[in-house]
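Trainee: I'd like to go over a predicted model; first the sequence, then the structure.
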Amino acid sequence: MTTLHVRGRGLPGGDEVQWWIRGGVLSAEPVAGAETIFDGGWIIPGLVDAHCHVGLGPGGAVELDEAERQAQTERQAGALLLRDAGSPVDTRGFDDRDDLPRIIRAGRHLARPKRYMPGLPIDIEDESQLPQYVAEQARRGDGWVKLVGDWIDRGVGDLAPLWSDDVLKAAIDAAHANGARVTAHVFGEAALPGLINAGIDCIEHGTGITDDIIELMLAHGTALVPTLINIENFPGIAEKATKFPAYAKHMRDLYATCPQRVGAAHEAGVPIYAGTDAGGMIAHGRIADEVAALRRVGLSPTEALGAASWDARNWLGRPALEHGASADLICYADDPRLPGVLDHPALVILRGRVY
């Protein structure tokens, strides 16, 4: 078995690092006879897309061969760890594939009937059954459960919460009792207090966060995955919502204030991680674009990259670059914090295999 060697500058510190790779595992100790395949550039842990949907396309669920191509596209972009934030497609067969990114699954979306995109969630008629469904998804998933926190209510004509506060508390407690964390799709403002006070671990999108909500998130340790490149679709969504003018205006307002709101959350210290929402309206392989978007709302170049690499891995309980860890890393000729570099890796190494 060939032993490989890479040497360069590591992040976030910028110091010189070198790693030996044998049997798909990193070694900080020199290994005789290793072949040096990279020398003199930059080396970082494999990128993380913390909101990704392998198995979804613009029209909904896709066949497994298309899901495989999606995962390969993520690998080519350097995204070697994906948090699949809800999918109706069972991709567990990919876990045995050494050539595909690791996937942390949140199971199926949980929603009320006609309160999310058709065909994607498990629809729950009686909201009192939510804790039961959450416990089931917690046992089936990889440590996460995904709720739909708000969606358009056609009777109201605008975004509205799906669940009552007491049911949310019981449901999130059920997930935690089964060893899982909970996240939720939330666009607007109204659903956020109930979710955060119930102990939810993460908010997806979060375009409705206000100063009061930021204080709640800090008090409860709630993380944010803002999916900024997907928020760019809000004006188009509003344009098509001609039957619901209040909803259309709300979506436009959320779009206009999103950079300020996410920037304020970052400034206050809310943990923020990079997720593209790839799989629906967003193409796979765009993690570099999300990192660039995080920089535009106020994260430093190092913070934005960490939100898609070493910090995200720590949050998800997965190793970065350390002795004995899987050899999942990316090498760059230039500093990946510089504009235009992150999406042009020199080498992608997944489980010790070079791409």
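Mentor: Perfect, I can see it now.

Trainee: any chance you could map the strands in the stretch 1-150 of the chain?
Mentor: With DSSP state E, counting those that start in this stretch applied, the stretch 1-150 of the chain shows strands at 4-10, 16-22, 25-27, 35-45, 47-52, 56-57, 60-61, 79-84, 102-105, 109-111, 122-123, 144-148, 150-153, listed in chain order.

Trainee: Ok, which of those comes nearest Gly93?
Mentor: Shortest separation from Gly93 across the strands of the stretch 1-150 of the chain is recorded for strand 102-105, at 10.8 Å, computed as Cβ to Cβ. Every residue, glycine included, has its C-beta placed from N, CA and C.

Trainee: What helices and strands are in contact with the closest one?
Mentor: Counting contacts by 3 or more Cβ pairs under 8 Å, 6 or more residues apart in numbering; DSSP states H and E, strand 102-105 packs against strand 79-84.

Trainee: Strand partners (parallel or antiparallel) of the strand it packs on?
Mentor: Using DSSP bridges, strand 79-84 pairs in its sheet with strand 47-52 (parallel), strand 102-105 (parallel).

Trainee: Could you identify which of those strands is most buried?
Mentor: Among these, strand 47-52 has the highest mean neighbour count (mean count of other Cβ atoms under 10 Å), at a mean of 31.

Trainee: Nearest the geometric middle of this structure, what residue?
Mentor: Ala50 (1.5 Å; Cα atoms, centre = their mean).

Trainee: Assign the closest residue to Lys249 other than its chain neighbours to helix, strand or coil.
Mentor: In space, not counting the residues next to it along the chain, Lys249 is nearest to Ala238; the distance is 7.4 Å by Cβ to Cβ, 6 or more residues apart in numbering. For Ala238, the assignment made with DSSP: H, G, I helix; E, B strand; the rest coil gives helix.

Trainee: I'd guessed Ala238 sits against Ala246; true?
Mentor: No: with contacts defined as Cβ atoms under 8 Å, Ala238 does not count as touching Ala246, sitting 10.8 Å away.

Trainee: Give me the more crowded residue out of the two.
Mentor: Under the neighbour definition other Cβ atoms under 10 Å, Ala238 and Ala246 were set side by side, and Ala238 has more, 20 against 13.

Trainee: correct me, but the residue nearest to the centre of the chain touches Val225?
Mentor: Yes: under the criterion of Cβ under 8 Å, Ala50 is in contact with Val225, at a separation of 5.1 Å.

Trainee: Perfect, that will be all.
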